[in-house]
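**Student:** quick one: sequence plus predicted model below, questions after.
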Amino acid sequence: MEFSFGVLSFNKEKYILETLESIKYQILHFGKDIKFNIFITDDCSIDNSVRLIKNWLSENASLFEICQLIENSQNMGTTYNYEVLLNKIKSNYFKVIAADDIFAADNIFEDMNNSESNVFNVTIPIFLNNDTLYFDQGVVRKHFFFQNKKRDNSYDINKMIYGGYFVTPSIFLSRNLINEKCIKFMRQFFLFEDDPTWYMVLKNNKNISVNFINSVKVIYRVNSGVSNTCSNPVWNSDFEKFSKIVCKENPSFLLKLYKKSKAKHLNHMDSKFSFCFIFDKVNAIFFKIYYFLLKNNELHNFIHNEKIKNLSYYKELKKIALSKYVLYMKIIGN
């Protein structure tokens, strides 16, 4: 088996070593008999991200068959860098991660290794905000519902275009599902690469199986800049463009009304009790009731144990990353 890591870096000096050390952890603990590649794009960072990456790669090059850092001379945006990574990655098994997110304590390779090439796996993310690890109960409840819901391709597409169907860092799929049509469609956007990708993957692969599995593979850092993009006018413009496309291709008065309300909400032009707010709130209440009525003690215990395990794991990982940061900064001379 061959597995490729892709990392999207932009001004993430504070977090990049945690991301890279989590990759090293996966390889050393679960990577037996797997060949690894790593490709990192840096989108013209003005901090010490590139210097830290170079030092880490120099120290850990033996872990990889191919080890490559791609430096942009100007800021090109998330979508461009995501395409660069996809073009570099030749293995069917891969994962692209932002340079502020972290691979969790569990084996990320097991589900990929046992899955068919047309499987789209959605895991449960654990969130990280200012060193606080937590599970978003709304995300867990939705995951539980969709896991038990009989679904087909049209259902998956419909739920995905409304947003919030799944959390991007928690998705694992094979490289062959992202074809040239998907990449061409994605090029229309500057920062908004995830929903356009998932939309085209689902649209172009009618037999795809979207599996909601009880597994924690990624620690998703929020409010750190990369993840907190909704206040960015460029991201908002991408969102509106994507909304117009999906509304045209999937005619629905309800969808059009929701997307218009969402765009206004993102641009702070709509009231708190907007249509999209009420729509999302009603859905959240439905998932909460469903989860309460059919509550799975096994899932509840799984979430509890994963939080404890990943809290201990993250504390240790952070110590290692900090020690590397101090060492590399001395080498750099800062």
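**Tutor:** Right, received. Where do you want to start?
**Student:** strands of the stretch 51-200 of the chain, start to end?
**Tutor:** Using DSSP state E, counting those that start in this stretch, the strands of the stretch 51-200 of the chain run over 66-71, 93-98, 102-103, 119-122, 126-129, 132-134, 171-173.
**Student:** mean pLDDT lowest where, among the ones you listed?
**Tutor:** Here those differ in mean pLDDT, and the lowest is strand 119-122 at a mean of 88.
**Student:** neighbouring strands - and their directions - for it?
**Tutor:** strand 171-173 (antiparallel), strand 209-212 (parallel) (DSSP bridges).
**Student:** got any ranges where the chain has weak pLDDT?
**Tutor:** 112-117, 224-231, 268-272, 334 (pLDDT under 70).
**Student:** now the helices: where do they sit in it?
**Tutor:** Taking DSSP state H, the helices of the chain run over residues 16-30, 49-60, 78-88, 110-113, 137-148, 153-162, 180-186, 194-204, 233-249, 253-266, 275-293, 297-332.
**Student:** redo the ones you listed as JSON lines? Include distance to Asn223 and mean neighbour count.
**Tutor:** The way it works is simple: take the backbone N, C-alpha and C, and place the C-beta from them, glycine included. Shown next, in JSON lines, are the helices of the chain (distance: least, CB to CB, whole Å; neighbours: other CB atoms under 10 Å):
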{"stretch": "helix 16-30", "distance to Asn223": "16", "mean neighbour count": "21"}
{"stretch": "helix 49-60", "distance to Asn223": "19", "mean neighbour count": "19"}
{"stretch": "helix 78-88", "distance to Asn223": "17", "mean neighbour count": "19"}
{"stretch": "helix 110-113", "distance to Asn223": "28", "mean neighbour count": "16"}
{"stretch": "helix 137-148", "distance to Asn223": "16", "mean neighbour count": "18"}
{"stretch": "helix 153-162", "distance to Asn223": "23", "mean neighbour count": "18"}
{"stretch": "helix 180-186", "distance to Asn223": "25", "mean neighbour count": "15"}
{"stretch": "helix 194-204", "distance to Asn223": "17", "mean neighbour count": "21"}
{"stretch": "helix 233-249", "distance to Asn223": "15", "mean neighbour count": "17"}
{"stretch": "helix 253-266", "distance to Asn223": "16", "mean neighbour count": "17"}
{"stretch": "helix 275-293", "distance to Asn223": "19", "mean neighbour count": "14"}
{"stretch": "helix 297-332", "distance to Asn223": "16", "mean neighbour count": "14"}
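**Student:** one step back: among the strands paired with strand 119-122, which is the most enclosed?
**Tutor:** strand 171-173 (a mean of 23; mean count of other CB atoms under 10 Å).
**Student:** contacting residues around that strand?
**Tutor:** With contact meaning CB atoms under 8 Å, 6 or more residues apart in numbering, strand 171-173 is reached by Lys95, Ile108, Asp111, Met112, Val119, Phe120, Asn121, Val122, Thr123, Trp198, Val201, Lys217.
**Student:** stretch 247-266 too?
**Tutor:** Outside stretch 247-266, the residues touching it (CB under 8 Å, 6+ apart) are 157-158, 161-163, 230, 236, 239-240, 243-244, 246, 270, 274-277, 279.
**Student:** check contacts around Ser170.
**Tutor:** Val122, Thr123, Ile124, Pro125, Lys217, Val218, Tyr220.
**Student:** go again using 6 Å as the cut-off
**Tutor:** Val122, Thr123, Pro125, Val218 (CB atoms under 6 Å, 6 or more residues apart in numbering).
**Student:** again, but for Gln147
**Tutor:** Gln147 sits next to Phe212 when contact means CB under 6 Å, 6+ apart.
**Student:** distance check, it against Leu299.
**Tutor:** Look at Gln147 and Leu299: by CB to CB, to the nearest Å, they are 9 Å apart.
**Student:** could you dump the strands of the stretch 51-200 of the chain to CSV with distance to Val7?
**Tutor:** As requested, those are exported to CSV (distance: least, CB to CB, whole Å):
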stretch, distance to Val7
strand 66-71, 9
strand 93-98, 6
strand 102-103, 11
strand 119-122, 20
strand 126-129, 17
strand 132-134, 21
strand 171-173, 16
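**Student:** thought Asn48 was touching Asn11?
**Tutor:** No - counting by CB atoms under 6 Å, Asn48 does not reach Asn11; the two are 9.6 Å apart.
**Student:** ok, Phe190 to Ser9 distance?
**Tutor:** 17 Å.
**Student:** ok, those two, which is more surrounded?
**Tutor:** Shown here are Phe190 and Ser9; by other CB atoms under 10 Å, Ser9 has more neighbours (28 against 18).
**Student:** so what's the more buried one closest to, chain neighbours aside?
**Tutor:** Closest residue in space to Ser9, ignoring its immediate chain neighbours: Ala99 at 4.0 Å, by CB to CB, 6 or more residues apart in numbering.
**Student:** same question for Val84.
**Tutor:** Per CB to CB, 6+ apart, closest to Val84 is Thr41, 5.3 Å.
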